[in-house]
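Here is my input; please provide its structure:
(one chain, ligands or ions: 1)
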Amino acid sequence: MAKLKITETILRDAHQSLIATRMTTKEMEPILTTLDDVGYHALEMWGGATFDASLRFLNEDPWERLRTIKKYVKKTKLQMLLRGQNLVGYRNYADDVVDSFIRLSIKNGIDIIRIFDALNDTRNLKAGIDSCKKYGGHAQGAICYTISPVHTNKLFVNLAREIEDMGADSICIKDMAGLLDPYNTFALIKDIKAAVSVPVELHTHATSGLGSTSYLKAVEAGVDIIDTALSPFGEGTSQPSTEPMVATFKNTPYDTELNLDALNKAAAYFKPLREKALESGLMDPKVLGVDINALIYQVPGGMLSNLVQQLKLQNAIDHFDAVLEEIPKVREDFGFPPLVTPSSQIVGSQAVLNVLLGKRYKIVPREAKALVRGMYGKPTIPISDEILNIIIGNEKPISVRPADLLEPELEKAKAELGEYMESEEDLLTYVLFPKPAIDYFKYRKLHKK
Ligand code: CO
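Next up is the predicted model:
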């Protein structure tokens, strides 16, 4: 039995989950050396929504944040989250963009890249894993956890094996909706640990109130690393809190051996930031409670609140139960995609349309057509000919990896960007978020010292 390793998420997922990713670099800076002293396995601090939010809402260069954090954090590995071929954006990018983005991420200070695909289509992980390894990074392949009749432990074990064979240095089970419960976690981690030889990490959310007990059972089943958030930004839709997890394993064979003084100092630092966010309304007390919907309906809590909103807008909240019954049917028709952005919205909206229009698939939004055509990746199980015919008619589904249909993008973007480009990093920022990038570059020019 080895000591348990902890990845701290306060600089990324925790504030993405609780305050819409609004923590600024300035707010992080004073506590970085203390965080470095805690003895964490890694600090997750970049990727996901941080890139977009920095540019769009904080007038910050995300690359500058990375360099600043690297300047202070000298002992602890820096970790980022990458949406496979979507990088930190919302569409598939060509392989030249993927390679360049990963090269620059590692050059500017990233050590570990957690790479996932919303559909668990491993073809969408390949370019990311290959580039990460090429530039000397630690490539972690992540599996999106979901519940459906076809998502058995065996399916997840096969995915883990496949990702290990692709060269991943570790495997992460990513339970983004907090659907895992303790005993299923125990069985799943046991099975995956028995199947792969690389380290296994578990990422969950406290949304349904089961996060910390799931971690306890995961650790007993042999998981190597868990993701937690310092208590001022822990629990609710964020990760289980760091300090109680550390206390849970104190003086056991899994003892994390973290520096408790540094840990307390760091937690104390973030407390006023939490108070400030609660006062301003940036942190909504609603996200801090226990949301039992995940346990009852086995779909992400965020997806349910979206549905309620959609139905209320159309004065159709009395159809809520019918829509809830329709969701698993649409999901089955679409080949059982994991329910995570964007598939959760696509399945949810289609279920609403099917119910409100009184006829299934009378209207099919563009995104649902793209999903069924394979434009996001391979479905978990093949979609029937009948459904293909109803949704896309004579159009042919694609069988290749979606990014195989894309031309290289960087050279063209360079020409468009012109005078604004001050570095290679600027070019990537522009390719990922063209409009917010230009707005930021203009702001930067005006505020140059
Ligand atoms: Co998460």
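
C-alpha from now on. contacts and neighbour counts both.
OK.

Can you get me the centre-to-centre distance for the one helix or strand Leu278 maps to and its chain?
Element membership for Leu278 (DSSP states H and E) is helix 260-280. Distance, stretch centre to chain centre, for helix 260-280: 24 Å (CA atoms, centre = their mean, to the nearest Å).

now for it, which elements pack on it?
helix 32-38 (3 or more CA pairs under 8 Å, 6 or more residues apart in numbering; DSSP states H and E).

Just the buried residues of the helix it packs on, please?
32-38 (16 or more other CA atoms under 10 Å).

Could you look up the next helix or strand downstream of the helix holding Leu278?
Criterion used, DSSP H and E; the element after helix 260-280 is helix 293-297.

what residues does the helix or strand hosting Ala139 touch?
Per DSSP H and E: Ala139 is located in strand 138-144. Residues outside strand 138-144 that contact it (CA atoms under 8 Å, 6 or more residues apart in numbering): 111-120, 125, 129, 132-133, 156, 159-160, 163-164, 167-176, 338.

if we can go back for a sec, identify all contacting residues around the helix holding Leu278.
Residues contacting helix 260-280 (CA under 8 Å, 6+ apart): 19, 31, 34-35, 37-38, 230-233, 243, 283-285.

same thing but 10 Å
By CA atoms under 10 Å, 6 or more residues apart in numbering, the residues outside helix 260-280 that reach it are 10, 15, 18-19, 22-23, 27-28, 30-40, 229-233, 242-243, 246-247, 281-285.

can you check stretch 288-303 too?
The contact list for stretch 288-303 (CA under 10 Å, 6+ apart) reads 17-18, 146-148, 175-181, 206-210, 233-238, 304-305, 309, 324-325, 327-328, 338-341, 344-345, 347-349.

My reading is that Glu201 lies in a helix. Confirm?
No. Checked against DSSP: H, G, I helix; E, B strand; the rest coil, Glu201 lies outside a helix; its state is strand.

Distance from the helix or strand of the chain with the lowest mean pLDDT to the middle of the chain?
One helix or strand of the chain scores below all others by mean pLDDT, DSSP states H and E: helix 293-297, with a mean of 81. Put simply, helix 293-297 sits 20 Å off its chain's centre (CA atoms, centre = their mean).

Quick check: buried residues in it?
Buried residues in helix 293-297, counted by 16+ other CA under 10 Å: 293-295.

Please apply the same query to stretch 339-359.
Buried, per 16+ other CA under 10 Å, within stretch 339-359: 339-340, 343-356.

Max pairwise distance over those residues: which two?
Between any two of the buried residues of stretch 339-359, the greatest separation by CA to CA is 23.1 Å, found for Val340 and Leu356.

Okay, now the sheet partners of the strand holding Ala139, with direction.
Strand pairing for strand 138-144, using DSSP bridges, gives strand 112-115 (parallel), strand 170-174 (parallel).

how far does the following helix or strand past the first one sit from the chain's center?
Think strand 112-115. Remark: after strand 112-115, the chain's next helix or strand is helix 123-134, criterion DSSP H and E. What separates the centre of helix 123-134 from the centre of its chain is 17 Å, taken as CA atoms, centre = their mean.

counting contacts, what elements does helix 123-134 pack onto?
Contacts defined by 3 or more CA pairs under 10 Å, 6 or more residues apart in numbering; DSSP states H and E place helix 123-134 against helix 95-107, strand 112-115, strand 138-144, helix 153-165.

Where does the prediction get shaky in the stretch 1-150 of the chain?
The stretch 1-150 of the chain contains residues with pLDDT under 70 at 1.

mind running it again at 90?
1-2, 48, 90 (pLDDT under 90).

In CSV, list the helices and strands packed on helix 123-134 along with distance to Glu201.
Below are these laid out as CSV (distance: least, CA to CA, whole Å):
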stretch, distance to Glu201
helix 95-107, 21
strand 112-115, 10
strand 138-144, 9
helix 153-165, 12
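
Save these as CSV, and put in distance to Gln314 and mean neighbour count too.
What follows is the helices and strands packed on helix 123-134, written out as CSV (distance: least, CA to CA, whole Å; neighbours: other CA atoms under 10 Å):
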stretch, distance to Gln314, mean neighbour count
helix 95-107, 40, 19
strand 112-115, 38, 26
strand 138-144, 32, 26
helix 153-165, 38, 18
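
any idea of the mean pLDDT for stretch 165-175?
Averaging pLDDT along stretch 165-175 gives 98.

Only the buried residues of that stretch, if you could.
So, applying 16+ other CA under 10 Å, buried residues of stretch 165-175: 166-175.

Straight-line length of it, end to end?
22 Å (CA to CA, to the nearest Å).

just stretch 234-251 next, same as before
23 Å.

Let the chain start at 887 from now.
That works, and once the first residue is 887, the last one we named lands at stretch 1120-1137.

That one: which residues count as buried?
Buried positions in stretch 1120-1137, judged by neighbour count with 16+ other CA under 10 Å: 1120-1129, 1131-1132, 1135.

what's the farthest-apart pair in the residues you listed?
So, the buried residues of stretch 1120-1137 by CA to CA: farthest apart are Thr1123 and Phe1135, at 23.0 Å.

Mind putting the buried residues of helix 918-924 into a markdown table with distance to Arg969?
What follows is the buried residues of helix 918-924, written out as a markdown table (distance: CA to CA, whole Å):
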| residue | distance to Arg969 |
| --- | --- |
| Leu918 | 26 |
| Thr919 | 29 |
| Thr920 | 29 |
| Leu921 | 26 |
| Asp922 | 26 |
| Asp923 | 29 |
| Val924 | 28 |
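
which one among those residues gets closest to Ile1324?
Nearest to Ile1324 among the buried residues of helix 918-924, with distances taken as CA to CA, is Leu918, at 29.8 Å.

Test my guess that that closest one contacts Leu952.
No. Using CA atoms under 10 Å, Leu918 makes no contact with Leu952, being 12.0 Å away.

can you map out the helices along the stretch 1137-1286 of the chain?
In the stretch 1137-1286 of the chain, the helices defined using DSSP state H, counting those that start in this stretch lie at 1146-1166, 1179-1183, 1187-1199, 1206-1219, 1229-1242, 1252-1259, 1271-1278.

worst average pLDDT in those helices?
Ranked by mean pLDDT, these bottom out at helix 1179-1183, with a mean of 81.
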